[in-house]
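K.L.:
Coordinates for the following, if possible.
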Amino acid sequence: QVQLVESGGGWVQAGGSLRLSCDASGRTFSNYAMGWFRQAPGKEREFVAAVSWSGGSTDYADSVKGRFTISRDNAKNTMYLEMNSLIPEDTAVYYCAARRQGWRGTSSRPADFASWGQGTQVTVSS
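P.N.:
Just a heads-up that it's a prediction; the model follows:
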């Protein structure tokens, strides 16, 4: 399976921006569709955004549409999540995930993802 490491989390005031990165290793990155999920304290893990293997198809949760942008650079084995106009409700641990090898389309279901990173904390203050 592919190994994933997130970075770029931190503390930001409401209205600010952050860019998360997810570095992949161990397998051919372009074989995997990817996604971002988040989990706030006391809540279930929820879908944020997903990108197909090529980057040509993306999907977003309604709560982040127009504010977040997912992208990937297969040459660098890296996926990104650009987060703008952050609000306190975006506070959570953010996880990147890879779908099972060969499944190249987007998905919003955690069960469709086989590999997960350790997470990076994003805190948005009001």
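
K.L.:
Quick check: the gap between the residue most central in space within the chain and S126.
P.N.:
Centroid-nearest residue in the chain, with C-alpha atoms, centre = their mean: W36, separated by 2.2 Å. Going from W36 to S126 by C-beta to C-beta, to the nearest Å gives 23 Å. Placement of C-beta: from N, CA and C, glycine included.

K.L.:
Identify the residue spatially nearest to T69, adjacent ones excluded.
P.N.:
For T69, ignoring the flanking residues on the chain, the nearest one in space by C-beta to C-beta, 6 or more residues apart in numbering is E82 at 4.3 Å.

K.L.:
Just the element for that neighbour, please.
P.N.:
Element membership for E82 (DSSP states H and E) is strand 78-83.

K.L.:
In its sheet, which strands sit next to that strand, and in what direction?
P.N.:
When pairing is defined by DSSP bridges, strand 78-83 lines up against strand 18-25 (antiparallel), strand 68-73 (antiparallel).

K.L.:
count of residues packed around the residue nearest to A114 when sequence neighbours are not counted?
P.N.:
Among residues not flanking A114 along the chain, R100 sits closest, at 4.6 Å (C-beta to C-beta, 6+ apart). By other C-beta atoms under 10 Å, 14 other residues sit near R100.

K.L.:
pretty sure R100 is in contact with A111, am I right?
P.N.:
No. If you go by C-beta atoms under 8 Å, R100 and A111 don't touch, sitting 10.3 Å apart.

K.L.:
how about the strands of the protein, start to end?
P.N.:
3-7, 10-13, 18-25, 34-39, 46-51, 58-60, 68-73, 78-83, 92-99, 113-116, 120-125 (DSSP state E).

K.L.:
What strands line up against the fifth one, and which way round?
P.N.:
Within its sheet, strand 46-51 is paired with strand 34-39 (antiparallel), strand 58-60 (antiparallel), according to DSSP bridges.

K.L.:
picking that back up, dump the strands of the chain to TSV, plus mean pLDDT and distance to T106.
P.N.:
Output for these, formatted as TSV (pLDDT from 0 to 100; distance: least, C-beta to C-beta, whole Å):
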stretch	mean pLDDT	distance to T106
strand 3-7	97	17
strand 10-13	98	27
strand 18-25	97	15
strand 34-39	98	7
strand 46-51	98	4
strand 58-60	98	4
strand 68-73	98	9
strand 78-83	98	12
strand 92-99	97	9
strand 113-116	96	11
strand 120-125	98	21
